[in-house]
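Visitor: mind folding the following:
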Amino acid sequence: MPFPLQSLPYGFRQRLIELSTPAEKCALQRAVPPNFTGFGTTQRYTKLKHLTYCTNSNGICRIINVSRLHDNDQIQNLFARFDKNCVFIIYRTVKFKNFKSRSTPARIFDTFRYRSKKYKFKNCVLYASFLKRLATQMEKPLKEMSFDSCMIRPSTDAATVFCNTFKSRLQYLKLINFLPPINNWLKAYSEVDGSALRSFDVTIGVTELTTIDKDTLVKFMEAQGKNFSLLITLENVTMPAEESLKLLFDEHFKSYLEFNAFRKYVYVNFNYSYDECFGSFKRFYVLREKRGKEVERVETPEIPVGFFD
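Guide: Coordinates of the predicted model:
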């Protein structure tokens, strides 16, 4: 329940500002009328379209890309123009590269405000505590998150923790070679309530495809909204994968080469090269209205004359 800041006594407002980080102070001042007293001097801030964090080989987190600035000297000059208490508001895209969230610099949350709708992670080791805190710092509805060659620790219930943290805000999720494995994600999203997910895009190998439990996949698809899509891309396909797809989909799904209807579906695609054969595979799969394989109807045999005599 929102708390009316105007009801705070003057002394409490001053103490609240003293205990706030620069980013929190900026948020508080922007939430009240400009002539409202007791919230200290005006907090300086500047807006940035994009921001990239990167951890170097010594484990030091640096800002390597700000908006359209690609030269490191330009970036450092930008921050040198502002004192350490200045706040930066990012409103387009936030990226993390080679990031290890266990030793997260305080500045990430103290001097930056996140109004972005897109967050991208590459080659990162992320801890659940970091993701939870990041979620609390997001000031605008989250739309898209992508993870490339990342992992969440601890891994035992990582997918469940992630789903519960972002379930009501995340619409598009993309995973490339991500841990925990895909089966854990399907199970977690099939059990979470109130998910806003509209598209789930995963890139996996053929080996991981064979580990997907088909009953979990059905439960996952049934739990999603009517316009949901699961996009599966198989990489490095050097062996036949059609048999694995049949085992996974044939019992509960119908397959289509083309699909235009407005209903949820699974889309599988990959390029293959084996036994001097190469090409591409694309197929849509839609849940059957009646579960189970469709069996060809067998004609009723004719009863010989005199059989009941």
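Visitor: please pull out the lowest mean pLDDT helix or strand from this protein.
Guide: helix 72-80 (a mean of 52; mean pLDDT, DSSP states H and E).
Visitor: the nearest residue to Met145 once chain neighbours are set aside - how many residues pack around it?
Guide: Leaving aside its sequence neighbours, Met145 sits nearest to Tyr119 (C-beta to C-beta, 6 or more residues apart in numbering; 4.9 Å). In this view, the C-beta of every residue, glycine as well, is placed from N, C-alpha and C. Residues near Tyr119, counting by other C-beta atoms under 10 Å, number 21.
Visitor: look up phi and psi at the residue lying closest to Leu5 once chain neighbours are set aside.
Guide: Excluding the flanking residues, the one nearest Leu5 by C-beta to C-beta, 6+ apart is Val32, at 5.4 Å. Val32 adopts backbone torsions of phi -120, psi 160, taken as degrees, to the nearest 10.
Visitor: identify the residues contacting Val32.
Guide: Shown in contact with Val32 (C-beta atoms under 8 Å, 6 or more residues apart in numbering): Leu5, Gln6, Phe39.
Visitor: let's see 10 Å
Guide: Residues in contact with Val32 (C-beta atoms under 10 Å, 6 or more residues apart in numbering) are Pro4, Leu5, Gln6, Leu8, Arg13, Gly38, Phe39.
Visitor: so Thr203 touches Phe178, yeah?
Guide: Yes - contact criterion C-beta atoms under 10 Å: Thr203 and Phe178 qualify, at 8.6 Å.
Visitor: quick one: which of these two has more around it?
Guide: Neighbours were counted for Thr203 and for Phe178 using other C-beta under 10 Å; Phe178 has more, 24 against 18.
Visitor: give the bridge partners for the nearest residue to the more buried one once chain neighbours are set aside, please.
Guide: In space, and not counting its chain neighbours, Phe178 is closest to Phe147: 4.8 Å by C-beta to C-beta, 6+ apart. Judged by DSSP bridges, the bridge partners of Phe147 are Phe121, Leu175.
Visitor: any idea how far Phe147 is from Thr233?
Guide: Between Phe147 and Thr233 the distance is 14 Å, computed by C-beta to C-beta, to the nearest Å.
Visitor: ditto for Arg133
Guide: In terms of C-beta to C-beta, Arg133 sits 31 Å off from Thr233.
Visitor: helices of the stretch 101-250 of the chain, start to end?
Guide: 107-110, 128-137, 158-166, 182-191, 206-209, 214-223, 242-249 (DSSP state H, counting those that start in this stretch).
Visitor: show me where pLDDT drops low in the stretch 51-200 of the chain?
Guide: Where the stretch 51-200 of the chain drops to pLDDT under 70, the residues are 57-61, 64-85, 103.
Visitor: switch the cut-off to 50
Guide: 68-71, 80-82 (pLDDT under 50).
Visitor: contacting residues around the residue nearest to Met145?
Guide: Counted by C-beta under 10 Å, 6+ apart, Tyr119 has contacts 90, 93-96, 134, 138, 142-147, 166, 170.
Visitor: please indicate which of those residues are buried?
Guide: Neighbour counting by 16 or more other C-beta atoms under 10 Å classes 90, 93-96, 134, 138, 142, 144-147, 166, 170 among the contacts of Tyr119 as buried.
Visitor: still on that earlier bit, any common contacting residues for Thr203 and Phe178?
Guide: Joint contacts of Thr203 and Phe178 (C-beta under 10 Å, 6+ apart) are Asp148.
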